[in-house]
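Take this sequence and fold it.
(2 chains)
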2 protein chains.
Amino acid sequence: MSVNDAGFKAALEEAKIGASEGGIPIGACLVDKDGKILGRGHNMRIQKSSAILHGETSALENAGRLPASAYKGSTMYTTLSPCDMCTGACILYKVSRLVMGENKTFVGGEEHLRRNGIEVVNLESKECEELMAKFIREHPEDWDEDVGVGK
Amino acid sequence: MSVNDAGFKAALEEAKIGASEGGIPIGACLVDKDGKILGRGHNMRIQKSSAILHGETSALENAGRLPASAYKGSTMYTTLSPCDMCTGACILYKVSRLVMGENKTFVGGEEHLRRNGIEVVNLESKECEELMAKFIREHPEDWDEDVGVGK
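I've put the predicted structure just below:
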């Protein structure tokens, strides 16, 4: 697993699309066991006033309705450590591996993923960190809202 | 907490709307600490080919963007024990209590909710059980797909 994986590149591209839309810059991409992209997406809290369209849930939603077998051996690439909801979504569909860009900004359900047999990889991407640092500096309240903290 | 709570009645109504649309009959309703309904919704897997619009996530989505304080003391009513994704969504937003119609059809993340300080109540509603039993008898594969099992 590396930052050169097509799945990670797509997730990072999605995060940048989110940033260009004025949104929270988190992207994700779900790749099947053969390396085919099933779905990709980015956080839509600001763009769609959505409480549930995070990066990973958007990727799952854009992958559409799939049978359980489609998720077997799949990898969820995401630019940031997954929140509790996205962690649960990966457990529900039994993705096999979660590859995150970074977890310096936020640490989500990594332990719960491992407890459920999902491999967790951290690519420690500075580019992902910087995208988030810029957003949080400029819009701290939107970021708090996205992870259920703050006012 | 009882089947006469307005929140539970709304969740059950949503489940029945889902059934009338040919969808998976699971509904939910998020109620704030003062008893005000913040959002309600039902599973939309079949209606919208959605992988993420379960009962609880639909209720959260329909409640819209809210600050963390809005979820304080809130109760998520749902007609069925919540899957891992919906469990995670309740933990992310720190709802205070989850009241389910039943858990005979399916047992989701109840233990994980409790571990995260969320009160869990089971109303053992026969009506909720019967809605699900009818759907699963008629559409077993759609139900399997919704909880990530089967083919």
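
show me what contacts the residue of chain A found nearest chain B?
Nearest residue of chain A to chain B: residue A:88, at 2.7 Å (Cβ to the nearest Cβ). Where you see a C-beta, it was placed from the backbone N, CA and C, and this is true even at glycine. For residue A:88, the contact set (Cβ atoms under 8 Å, 6 or more residues apart in numbering or on different chains) comprises A:109, B:83, B:84, B:85, B:86, B:87, B:88, B:89, B:91, B:109.

check contacts around the second one.
With contacts taken as Cβ under 8 Å, 6+ apart, residue B:83 has the following neighbours: A:88, A:92, B:54, B:106, B:108, B:109, B:146, B:147.

ok, how many other residues are close to the residue nearest to it when sequence neighbours are not counted?
Spatial nearest neighbour of residue B:83, excluding adjacent residues (Cβ to Cβ, 6 or more residues apart in numbering or on different chains): residue B:108 at 4.8 Å. By other Cβ atoms under 10 Å in any protein chain shown, the residues close to residue B:108 number 24.

Just the buried residues of stretch A:95-114, please?
A:95-106, A:108-110, A:112-113 (16 or more other Cβ atoms under 10 Å in any protein chain shown).

Alpha carbons only: can I get the longest helix seen in chain A in PDB?
Secondary structure of chain A per DSSP state H: the longest helix is helix A:6-20. Provided in PDB are the C-alpha atoms of helix A:6-20 (Å, rounded to 0.1, in the frame of the first residue of the first chain):
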ATOM      1  CA  ALA A   6      -4.700   4.300  -7.900                       C
ATOM      2  CA  GLY A   7      -7.200   4.100  -5.000                       C
ATOM      3  CA  PHE A   8      -5.300   6.500  -2.900                       C
ATOM      4  CA  LYS A   9      -4.700   8.900  -5.800                       C
ATOM      5  CA  ALA A  10      -8.500   8.900  -6.400                       C
ATOM      6  CA  ALA A  11      -9.300   9.500  -2.700                       C
ATOM      7  CA  LEU A  12      -6.800  12.500  -2.700                       C
ATOM      8  CA  GLU A  13      -8.300  13.800  -5.900                       C
ATOM      9  CA  GLU A  14     -11.700  13.700  -4.300                       C
ATOM     10  CA  ALA A  15     -10.500  15.600  -1.200                       C
ATOM     11  CA  LYS A  16      -9.100  18.300  -3.500                       C
ATOM     12  CA  ILE A  17     -12.500  18.500  -5.400                       C
ATOM     13  CA  GLY A  18     -14.100  18.900  -2.000                       C
ATOM     14  CA  ALA A  19     -11.700  21.700  -1.200                       C
ATOM     15  CA  SER A  20     -12.300  23.400  -4.500                       C
END
